[in-house]
Each structure stands twice: as C-alpha cells, then as structure tokens.
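A.B. asks: after the sequence you'll find the predicted model.
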Amino acid sequence: MGFLHLFIVNKSGGLIHHRPLGARAPRIGTNEWLRIGSTFHSLHAIAAEASPVRLLGNKNSDGADDGIEQIEAGGLVLSCLQTRTGVKFVITAEPGTPDLDMVLKEIYVLYADCALKDPFYELEMPIRCELFTQAVDALIERVEKTGARLR
C-alpha cells in the first residue's frame, strides 16, 4: 500500500500541479501529465453529464455535478475531490491504501493555506509554492508512517 501520484487540474482542464508521492510511482513525462490532466477533466465532465443519479445538494439542478469520485483498477486506485470552484485534486494509490478521501481534503486545506495565500500565486496558474510541496510531503510521510486516520 502506498501513494503514487498527486495531480491538480484547474476548472478549465489545465494541469496546475503534478508530482510523484512515492518511490513506486511510475515515471511520467511532463507532456504525458498534461494529456492525463486534460483527459481526466473531460472524462469527469462527461461522467457528470451522463450520470442518471441526481445527488442532493448539487450546484447543477439539471444533473449530477460530481463526476468521477473514485476509480478502482487492478493495480491502482484513483480518487478525486472537486472543489466548489471546479479545481480537481486527484490522487493515485495502490489498492488498499486507506484514507484517500481524507488525504485529498487535507491537501485541499494545504492548497488553501499555502498556495492561495501566497501573494505571488495567480489563480488557474501552475502551483510553484515550495511551502505547499513541503506540506504535502510532510502529510504523506505522516500518513504512511503512522497509518493513522486523519483528524
């Protein structure tokens, strides 16, 4: 069990952050990451429109607004948290890795605390905030070391 990758996609489908989270994460080039981010954004939008279920509390009264929340495959689990502003936080991990939803929520808090409060950060642009990177590293290390539930 372990975390593999984190990527963050803005509301327009642009990749604004990507990085491996563990030693077992496959090495993927920048161009491939850009394609992965935009493809996931498109699939997320299609899933939201195609969903026959109307979830309570959706912003969109015409259909489901949540899109893809989790995909489980043979050797990979992909979990997504979409914020109210449309930013998608996506984490991939090995099957059986606990607390993916809580880790995503905690990464969202770190994004708000570190990146959004950085006076040099512009919305929708790539995140190049060392404080955010260090905080995510510390979070992942803490979760993997203790295996304890967050909050």
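C.D. replies: All right, it came through fine. Numbering: from 1, shown residues only.

A.B. asks: when you work out contacts or count neighbours from here on, use the C-alpha atoms and nothing else.
C.D. replies: OK.

A.B. asks: quick one: least confident helix or strand in the protein?
C.D. replies: Using mean pLDDT, DSSP states H and E, helix 30-50 stands out as the lowest-scoring helix or strand of the chain, at a mean of 88.

A.B. asks: tell me the helices and strands packed up against it.
C.D. replies: Packing partners of helix 30-50 (3 or more C-alpha pairs under 8 Å, 6 or more residues apart in numbering; DSSP states H and E): strand 3-9, strand 15-20.

A.B. asks: which parts of that helix are buried?
C.D. replies: 33-34, 36-38, 40-41, 44-45, 47-49 (16 or more other C-alpha atoms under 10 Å).

A.B. asks: low-confidence regions, the chain specifically.
C.D. replies: By pLDDT under 70, the low-scoring segments of the chain are 52-65, 148-151.

A.B. asks: returning to what we had before: in CSV: the buried residues of helix 30-50, plus distance to G14.
C.D. replies: Output for the buried residues of helix 30-50, formatted as CSV (distance: C-alpha to C-alpha, whole Å):
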residue, distance to G14
W33, 10
L34, 7
I36, 10
G37, 7
S38, 6
F40, 10
H41, 8
H44, 13
A45, 14
A47, 18
A48, 18
E49, 20
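
A.B. asks: strands of this structure, start to end?
C.D. replies: Assigned by DSSP state E, the strands in the chain fall at 3-9, 15-20, 70-72, 77-82, 88-93.

A.B. asks: paired strands for the longest one, with orientation please.
C.D. replies: In the sheet containing strand 3-9, the strands it pairs with under DSSP bridges are strand 15-20 (antiparallel), strand 88-93 (antiparallel).

A.B. asks: that one vs strand 77-82, what angle?
C.D. replies: 30 degrees (axes from the mean of the first three to the mean of the last three C-alpha atoms, to 10 degrees).

A.B. asks: L104 is in contact with K88, isn't it?
C.D. replies: No. At 9.8 Å, L104 does not count as touching K88 under the criterion of C-alpha atoms under 8 Å.
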